[in-house]
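Enquirer: Have a look; sequence and predicted model below, questions after that.
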Amino acid sequence: MNKPWLKPIFFDTLRAGLFPLATHEEGVVRMYHCGPTLYSCPTVGNWRSFLFSDVLKRTLEWGGWKVFQAMNITDVGHMRESEDSSSEIDPIQEKAKEKGLSPWDIVAHYEKQFFNDMDSLSMRRPTYVPKATEHIDDMVLMIRELIEKGYAYESNGNIYFSVKSFERYGNLSKNSIDNLDLGHRVDINADKRDARDFALWKTDSKHLMKWDTELGSDGFPGWHIECSAMVNSLFGNKLDIHSGGEDLIFPHHECEIAQSEAFSGKKLAKHWMHCRFLLVDGGKMGKSLGNAYTPSDIYEKGFTGAELRYSLIRGHYRQPLNFSFELLKDSRSALKRLQNFIQDLEEVKEVSFADEDFVKKYRDSFVNFMQKDLDVPQAIAVVMDLVKDSRKKGIDNIASSAKSFLSEVNEVLGIFVEQDDSGSQKIEEMIKERNKARDDRDWKKADRIREELLGLGVQIKDSSSGTTWNKMN
Ligand SMILES: [Zn+2]
């Protein structure tokens, strides 16, 4: 049995306060974070939320917990309002039509890029990355049960969840059912008994991704039921932490709670954690504003994945983070300061007296800050204080304890690039793929791979004898 030494206290959105982490099984954490909808590359705003989940997982593992982490891929049914807001569209299908490809091709293309970005940002692969389309049977089973229990109804081929049938609806977002939808778009739809009801399943013979199931033919799922079904299939009733970006609290997570708890009669999750949004240059981020940066956009400007990662995790997850090129530059110099310090520590020769106590007090306070609701900014400040204070004092006697502390810091934050052989192998493979794209005259793909390599801090040089590469400082 795992005996974790870290005793985290996390803010729980549902209970609106700080609570010690409680789990279904001693020493084990099962966590689910809502992942991307793959019709384009996730933006740095999305990555802030994904990296929050990564730091959470790393912190728990460092603290001795056994972690099972899931992050889903939404590959069907995440409808958006059309531009004139008169109808709903499926952005994956829209992209497929635009590119003359199938929706499956679109998802496969962006999925590959999603994992490349994940690697360039040193995000560890989640234990599970389930896709919605792999869990259609689980959704059908859940929906049938919800109809049987009187929580859902069929109307004109579509199946809706009746919000009034679930009295806790609104608890997470602190809305009472009666006040709901004030300030939110009310979906006027003649098929619904109540405008607040949401779709579990839709029928549309023109939809490209559709299934013949016990619910009927030509059907596809609503977005909310996908996450409920994946959680149920992976974790049963044992989910400890459900997390996501704060924009998902309503309606997505509210709907997940209603479906899952009506289905099972059990609580969906013990803790709800939400990461706040990202501002760009103090304002909103948006495709129409031209500032919806993806990691590749940032790498193209000469910044590395480590610098981007550090920029996105350095704020407290419960505070909005203001993203800017100034922030990236500041992250670059902070990382440089740390790298120089590590290098100096490496060069220290054997000493006759090692002072273990000096570093211990910094480590203790790093532990306390990470333990208390993942206070990354304070934890980083402690590390920077250690660098500054030990420079004053002299580093010879503390080198070995400082090195081991910094390797723990990296375990948790993942901000220093550690080059190993598998890394080199991956780089070689990426270069091969890029050169093949150049041979095929697929310049867009070749450029994209070059940007991804820049994100890994790798510069490439082409010459008549082939392509060489080196790591940038
Ligand atoms: Zn979700």
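Expert: Done, it's in.
Enquirer: Which residue does the stretch 1-150 of the chain have closest to the ion?
Expert: In the stretch 1-150 of the chain, no residue comes nearer to the ion than residue 34, which is 3.3 Å away by Cβ to the ion. Every C-beta, even on glycine, is put in place using the N, C-alpha and C of the backbone.
Enquirer: hang on, that residue packs against residue 248?
Expert: Yes - in this structure, residue 34 is within contact of residue 248 by Cβ atoms under 8 Å, at 5.5 Å.
Enquirer: Neighbour count: those two, which is higher?
Expert: Shown here are residue 34 and residue 248; by other Cβ atoms under 10 Å, residue 34 has more neighbours (24 against 21).
Enquirer: Which residue is the nearest non-sequential neighbour of that one?
Expert: Taking Cβ to Cβ, 6 or more residues apart in numbering as the measure, residue 34 lies nearest to residue 244, with 3.9 Å between them; neighbours along the chain are not counted.
Enquirer: try residue 353
Expert: Computed as Cβ to Cβ, 6+ apart, the closest residue to residue 353 that is not its neighbour in sequence is residue 397, at 5.8 Å.
Enquirer: follow-up on the earlier one: can you check what pLDDT the model gives the residue of the stretch 1-150 of the chain closest to the ion?
Expert: According to the prediction, residue 34 has pLDDT 98.
Enquirer: How about the residues of this protein by the ion?
Expert: Proximity of the chain to the ion (Cβ under 5 Å from the ion) is limited to residues 34, 227.
Enquirer: Quick check: longest helix in the chain by residues?
Expert: Identified as the longest helix of the chain according to DSSP state H is helix 325-346.
Enquirer: sec struct for residue 296, please.
Expert: Residue 296 carries the three-state label helix when classified by DSSP: H, G, I helix; E, B strand; the rest coil.
Enquirer: What is the burial count for it?
Expert: When neighbours are counted by other Cβ under 10 Å, residue 296 comes out with 20.
Enquirer: what does residue 472 give?
Expert: 11.
Enquirer: tell me which element residue 22 falls in.
Expert: Counting by DSSP states H and E, no helix or strand carries residue 22.
Enquirer: Where does the residue nearest the centre of the chain fall, secondary structure wise?
Expert: For the chain, the residue sitting closest to the mean C-alpha position, by Cα atoms, centre = their mean, is residue 50 at 1.5 Å. Using DSSP H and E, residue 50 maps to helix 44-62.
Enquirer: Averaged pLDDT, that helix. What do you get?
Expert: Averaged across helix 44-62, the pLDDT comes to 98.
Enquirer: Please save the CA atoms from that helix in PDB.
Expert: What follows is helix 44-62 as a C-alpha-only set of coordinates in PDB (Å, rounded to 0.1, in the frame of the first residue of the first chain):
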ATOM      1  CA  VAL A  44      -1.800  28.500 -24.900                       C
ATOM      2  CA  GLY A  45      -5.000  29.200 -22.900                       C
ATOM      3  CA  ASN A  46      -6.000  25.500 -23.200                       C
ATOM      4  CA  TRP A  47      -2.500  24.500 -22.400                       C
ATOM      5  CA  ARG A  48      -2.600  26.500 -19.200                       C
ATOM      6  CA  SER A  49      -5.400  24.200 -18.000                       C
ATOM      7  CA  PHE A  50      -3.700  21.000 -19.300                       C
ATOM      8  CA  LEU A  51      -0.400  21.900 -17.600                       C
ATOM      9  CA  PHE A  52      -2.300  22.600 -14.400                       C
ATOM     10  CA  SER A  53      -3.400  19.000 -14.500                       C
ATOM     11  CA  ASP A  54       0.200  17.900 -15.200                       C
ATOM     12  CA  VAL A  55       1.600  19.800 -12.200                       C
ATOM     13  CA  LEU A  56      -1.100  18.400 -10.000                       C
ATOM     14  CA  LYS A  57      -0.300  14.900 -11.100                       C
ATOM     15  CA  ARG A  58       3.500  15.400 -10.700                       C
ATOM     16  CA  THR A  59       3.000  16.900  -7.200                       C
ATOM     17  CA  LEU A  60       0.900  14.000  -6.000                       C
ATOM     18  CA  GLU A  61       3.300  11.400  -7.500                       C
ATOM     19  CA  TRP A  62       6.300  13.200  -5.900                       C
END
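Enquirer: residue boundaries of the strands in the stretch 251-400 of the chain?
Expert: Under the criterion DSSP state E, counting those that start in this stretch, the stretch 251-400 of the chain carries strands at the ranges 271-275, 278-280, 321-323.
Enquirer: In the sheet, which strands lie alongside the last one, parallel or antiparallel?
Expert: Sheet pairing here is set by DSSP bridges, and for strand 321-323 it gives strand 278-280 (parallel).
Enquirer: cool, and the first one?
Expert: For strand 271-275, the pairing partners within the sheet under DSSP bridges are strand 241-245 (parallel).
Enquirer: So for the helix holding residue 50, what gets flagged as buried?
Expert: Within helix 44-62, the residues scored as buried using 16 or more other Cβ atoms under 10 Å are 44-62.
Enquirer: Equivalent analysis for stretch 191-200, please.
Expert: By 16+ other Cβ under 10 Å, the buried positions in stretch 191-200 come out as 192, 196-200.
Enquirer: Relative to residue 362, how far out is the closest residue to residue 81 other than its chain neighbours?
Expert: Using Cβ to Cβ, 6+ apart and skipping residues adjacent in sequence, the residue nearest residue 81 is residue 88, 6.4 Å away. Residue 88 sits at a distance of 53 Å from residue 362 (criterion: Cβ to Cβ, to the nearest Å).
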